[in-house]
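In: structure here, sequence nowhere to be found:
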Ligand SMILES: C[S@@+](CC[C@H](N)C(=O)[O-])C[C@H]1O[C@@H](n2cnc3c(N)ncnc32)[C@H](O)[C@@H]1O
Ligand SMILES: Nc1c(NC[C@H](O)[C@H](O)[C@H](O)CO)[nH]c(=O)[nH]c1=O
Ligand SMILES: N[C@@H](Cc1ccc(O)cc1)C(=O)O
Ligand code: SF4
């Protein structure tokens, strides 16, 4: 039997589950015929071995094709990290600096607008803004940033401020989350990153950080954002002191929220970058150096399977994994390559070396090389441009607002991850 309701399609695919053991096969068949994979079943998928692993990947790929067809999307955006000064002391974070540190940064509204304007001139449709929780910062600064950008660039989508920053702004201004979020929305906030989630489990959080927003507060702020009409992404940062039980419970919790609010646009699994992370440096015996390759593959695939019909965009983070691995994830249930970013700094601060930008042209090539159809989207997954021609010389022109071809001058960035992109082709 096959029927369809919104994005949910129900049809079993015997080819996907062939060769799997009976228990794994039963879970995958249930997923393929529209059933919901429970937390316990999710754990079993994360623990899959041998032929079972391939069946998990094939199932994820089948569900991806049902939900998204052959299209793989990306967004042209710029990260603006307006400050790295932060005293919260999350142990995993290599980004946060003290005020007196040489590399401490603080951007005034005019500097933030300047960066947003440069991004706009290069064809960006989104700025992704996050920062440290600066001890001396006014809670009203978040609003000021939004107003400054919207005044100069009313058409730019502002994707900004994690739930932790919302908590900080609301505490400083003594406003409720609802009032603070409503005020930011009125000022022009369009959507929010669902970062600060890490692993939504109290015991794991106690090991990652003493001060970070609790799991309950994260959920409350995200639900409130969705209720006042601000969509958010969803994230999971994995591969440190966590285990499959935490991953499956985290994904099931995101699914429960989505059933009530429908406010998540995508899930972005973020692999823990250990290299320059104090968490790893201080406890190399207890903390894992990021997820294994198998865990990365399974994280994307199991997310696709557990979230099917609820969150149908699974994004891979090229800044965490590099272009070549990001491209491989397209066969593990992934349908989105995220943003061009222009200035990635959080992963780099933790020791990642995949560059601070990937160009739209490189993303288009990577997607084509994987046999899929590249699509430029906006932040809320509306299609902006479909690159249907398969001759790279016949790329549909991506014209920026000054009439120039951003594909040409995006290449001017010196820190592009050229080597890793070549490897991906
Ligand atoms: C650096 S914070 C910036 C926003 C805000 N200060 C906060 O904590 O929500 C954004 C996110 O970066 C991610 N991040 C930080 N350090 C990381 C690391 N070493 N590896 C992977 N992701 C990391 C975490 O998921 C974190 O929530
Ligand atoms: N901005 C970072 C992302 N992903 C987010 C996307 O670029 C984009 O903002 C979102 O899909 C909404 O359109 N992932 C990272 O690992 N690091 C970033 O800095
Ligand atoms: N993926 C996040 C943004 C982000 C993720 C990880 C980072 O290290 C930094 C930023 C979002 O847009 O929702
Ligand atoms: S994760 Fe965010 S809150 Fe925590 S130390 Fe880093 S910048 Fe600060």
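Out: Nice, thanks for sending it over. Fair warning: this is a prediction, and the values are worked out from it, not measured in the lab. Ligands and ions are numbered 1, 2, ... in the order given.
In: show me what from the stretch 1-150 of the chain comes close to ligand 3.
Out: Residues of the stretch 1-150 of the chain that fall close to ligand 3, judged by Cβ under 6 Å from any ligand atom: 128, 130. Bear in mind the C-beta positions are built from the backbone N, C-alpha and C, glycine included.
In: and the spatially most central residue of the chain, bridged to which residues?
Out: Centroid-nearest residue in the chain: residue 268, 3.2 Å away (criterion: Cα atoms, centre = their mean). Beta-bridge pairing of residue 268 under DSSP bridges involves residue 235.
In: my read: it touches residue 334, true?
Out: No: Residue 268 is beyond contact range of residue 334, at 10.1 Å (criterion: Cβ atoms under 8 Å).
In: which residues do the two both contact?
Out: Common contact partners of residue 268 and residue 334 (Cβ atoms under 8 Å, 6 or more residues apart in numbering): 315-316.
In: can you tell me the helix or strand for the residue in the stretch 151-300 of the chain positioned nearest to ligand 4?
Out: Of all residues in the stretch 151-300 of the chain, residue 164 sits closest to ligand 4, at 5.4 Å by Cβ to the nearest ligand atom. Here residue 164 is covered by helix 163-173, with elements defined by DSSP states H and E.
In: buried stuff in stretch 274-288?
Out: Residues of stretch 274-288 classed as buried by neighbour count (16 or more other Cβ atoms under 10 Å): 274, 277-280, 287-288.
In: so what's the gap between it and the chain middle?
Out: Chain-centre distance of stretch 274-288: 23 Å, with Cα atoms, centre = their mean, to the nearest Å.
In: can you check stretch 35-55 too?
Out: 23 Å.
In: which positions within it qualify as buried?
Out: Neighbour counts over stretch 35-55 (16+ other Cβ under 10 Å) mark 37, 39, 41-46, 48, 52-53, 55 as buried.
In: now those residues in JSON lines, with secondary structure, pLDDT and distance to ligand 1?
Out: Output for those, formatted as JSON lines (DSSP: H, G, I helix; E, B strand; the rest coil; pLDDT from 0 to 100; distance: Cβ to the nearest ligand atom, whole Å):
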{"residue": "37", "secondary structure": "coil", "pLDDT": "98", "distance to ligand 1": "24"}
{"residue": "39", "secondary structure": "helix", "pLDDT": "98", "distance to ligand 1": "22"}
{"residue": "41", "secondary structure": "helix", "pLDDT": "98", "distance to ligand 1": "26"}
{"residue": "42", "secondary structure": "helix", "pLDDT": "98", "distance to ligand 1": "21"}
{"residue": "43", "secondary structure": "helix", "pLDDT": "98", "distance to ligand 1": "22"}
{"residue": "44", "secondary structure": "helix", "pLDDT": "98", "distance to ligand 1": "26"}
{"residue": "45", "secondary structure": "helix", "pLDDT": "98", "distance to ligand 1": "23"}
{"residue": "46", "secondary structure": "helix", "pLDDT": "98", "distance to ligand 1": "19"}
{"residue": "48", "secondary structure": "coil", "pLDDT": "98", "distance to ligand 1": "25"}
{"residue": "52", "secondary structure": "helix", "pLDDT": "97", "distance to ligand 1": "28"}
{"residue": "53", "secondary structure": "helix", "pLDDT": "97", "distance to ligand 1": "24"}
{"residue": "55", "secondary structure": "helix", "pLDDT": "97", "distance to ligand 1": "29"}
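In: return the closest of the residues you listed with respect to ligand 2.
Out: Comparing the buried residues of stretch 35-55 against ligand 2 with Cβ to the nearest ligand atom places residue 46 closest, at 21.2 Å.
In: contacts only, for the closest residue to the closest one other than its chain neighbours.
Out: Nearest non-adjacent residue to residue 46, counting by Cβ to Cβ, 6 or more residues apart in numbering: residue 244, 3.6 Å away. Counting by Cβ under 8 Å, 6+ apart, residue 244 makes contact with 42-43, 46-47.
In: let's see 7 Å
Out: Taking Cβ atoms under 7 Å, 6 or more residues apart in numbering as the contact definition, residue 244 lies against 43, 46-47.
In: got the phi/psi numbers for residue 201?
Out: The phi/psi pair for residue 201 (degrees, to the nearest 10) reads phi -150, psi 130.
In: can you verify my assumption that it contacts residue 247?
Out: No: using Cβ atoms under 7 Å as the test, residue 201 is too far from residue 247 to be in contact (9.7 Å).
In: more neighbours: which of the two?
Out: Neighbour totals were compared for residue 201 and residue 247, and residue 247 leads with 28 against 19 (other Cβ atoms under 10 Å).
In: tell me which element the more buried one falls in.
Out: Using DSSP H and E, residue 247 falls within helix 244-261.
In: pull out the buried positions in that helix.
Out: Buried, per 16+ other Cβ under 10 Å, within helix 244-261: 244, 246-255, 257-258, 261.
In: what subset of those is also close to ligand 2?
Out: Of the entries in the buried residues of helix 244-261, none also sits close to ligand 2 under the rule Cβ under 6 Å from any ligand atom.
In: nearest to ligand 3, of those residues?
Out: Scanning the buried residues of helix 244-261 for proximity to ligand 3, where the rule is Cβ to the nearest ligand atom, the winner is residue 254, at 12.6 Å.
In: apart from its chain neighbours, what residue comes closest to the closest one?
Out: The shortest distance from residue 254 to any non-neighbouring residue, by Cβ to Cβ, 6+ apart, is to residue 234 (4.9 Å).
In: just residue 142 next, same as before
Out: With sequence-adjacent residues excluded and distances taken as Cβ to Cβ, 6+ apart, residue 142 is closest to residue 169, at 4.7 Å.
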